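Asks: can you look at this prediction? I've put the sequence above it.
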Amino acid sequence: AQSVTQLGSHVSVSEGALVLLRCNYSSSVPPYLFWYVQYPNQGLQLLLKYTTGATLVKGINGFEAEFKKSETSFHLTKPSAHMSDAAEYFCAVSALNTNAGKSTFGDGTTLTVKP
Amino acid sequence: DVKVTQSSRYLVKRTGEKVFLECVQDMDHENMFWYRQDPGLGLRLIYFSYDVKMKEKGDIPEGYSVSREKKERFSLILESASTNQTSMYLCASSHGGGANYGYTFGSGTRLTVV
């Protein structure tokens, strides 16, 4: 079984500041990890994913995340926040043995960007 | 551009009505999912399907059923709508080749039961 914990349901940063959204996972087998973004009144959009290989993965809109097995973490970062980054962000975990590739999602983190 | 299309963005139904939420994908994906999203509770899996006519219960199947008669279409049915089913409903699909593909989501249906 897999689970995901997102630390902090709300994060607020100033425009131009570093964005750091935290995600810790639990998995009994090597995980596949995902970050999704949801803008108001829309569905979720895949930002980036880690499956195998390089532990630092880059996604759309300048976001990146690093898989750290020793810390069971997959934190999402962006060097400089833009107003357009304001959204809700979800971390998700899946694994090779998961039925139908089913993912388990965290509770989400709402990112606010202040001018 | 690949798409998952949910038939309604907003829906208002009365208590006790039978409600159908439709989802269609054009990516030839094997897997399809229905989630509900509520503030503070994240995404909770209702049902999923990994092939035509195949379905499995998710974490919160009570009060819901599903139908998948064609590969591209996955319907969520609220047998007798209740106010506690007021929520945002999200449909998603994924490639059957493995869990590493991630999901493509529809835009969601915001259902209000009055």
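Replies: All right, it came through fine.

Asks: can you tell me which residue is spatially central in chain B?
Replies: When C-alpha atoms, centre = their mean is applied to chain B, the residue found nearest the centroid is B:W34 (2.8 Å).

Asks: er, chain A I mean
Replies: Short answer for chain A (C-alpha atoms, centre = their mean): A:W35, at 3.3 Å.

Asks: from the contact counts, what lies against the helix or strand containing it?
Replies: Using DSSP states H and E, A:W35 maps to strand A:31-38. Strand A:31-38 sits against strand A:19-27, strand A:44-50, strand A:64-68, strand A:73-78, strand A:87-95, with contacts defined as 3 or more C-beta pairs under 8 Å, 6 or more residues apart in numbering or on different chains; DSSP states H and E. Placement of C-beta: from N, CA and C, glycine included.

Asks: the next helix-or-strand element following the last one pairs with which strands?
Replies: Yep, that's strand A:87-95 we're talking about. Next helix or strand after strand A:87-95 toward the C-terminus (DSSP H and E): strand A:104-105. Strand A:104-105 sits in its sheet next to strand A:87-95 (antiparallel), going by DSSP bridges.

Asks: mind putting the helices and strands packed on strand A:31-38 into a markdown table with mean neighbour count and mean pLDDT?
Replies: Listed next are the helices and strands packed on strand A:31-38 as a markdown table, based on neighbours: other C-beta atoms under 10 Å in any protein chain shown; pLDDT from 0 to 100:
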| stretch | mean neighbour count | mean pLDDT |
| --- | --- | --- |
| strand A:19-27 | 19 | 96 |
| strand A:44-50 | 21 | 95 |
| strand A:64-68 | 18 | 96 |
| strand A:73-78 | 21 | 98 |
| strand A:87-95 | 25 | 93 |
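
Asks: among the ones you listed, which is nearest B:K70?
Replies: The closest of those to B:K70 is strand A:44-50. By C-beta to C-beta, the value is 24.1 Å.

Asks: packing partners of whichever helix or strand comes after that closest one?
Replies: Moving toward the C-terminus from strand A:44-50, the next helix or strand (DSSP H and E) is strand A:56-58. Counting contacts by 3+ C-beta pairs under 8 Å, 6+ apart, strand A:56-58 packs against strand A:44-50, strand A:64-68.

Asks: quick one: buried residues of strand A:56-58?
Replies: Buried residues in strand A:56-58, counted by 16 or more other C-beta atoms under 10 Å in any protein chain shown: A:V57.

Asks: partners of it in the sheet?
Replies: Applying DSSP bridges, strand A:56-58 is found paired with strand A:64-68 (antiparallel).

Asks: grab the nearest non-local neighbour of residue 10.
Replies: The chain I'm using is chain A. Using C-beta to C-beta, 6 or more residues apart in numbering or on different chains and skipping the chain neighbours, the partner closest in space to A:H10 is A:T110 (5.0 Å).

Asks: ah, I was thinking of chain B
Replies: B:R110 (5.1 Å).

Asks: my read is that that neighbour contacts B:R9, right?
Replies: Yes: with contacts counted by C-beta atoms under 8 Å, B:R110 reaches B:R9, the gap being 6.8 Å.

Asks: before we move on, the earlier item: next up, the contacts around the residue nearest to the centre of chain B.
Replies: B:21, B:23, B:45-48, B:58, B:64, B:66, B:74, B:76, B:89-91 (C-beta atoms under 8 Å, 6 or more residues apart in numbering or on different chains).
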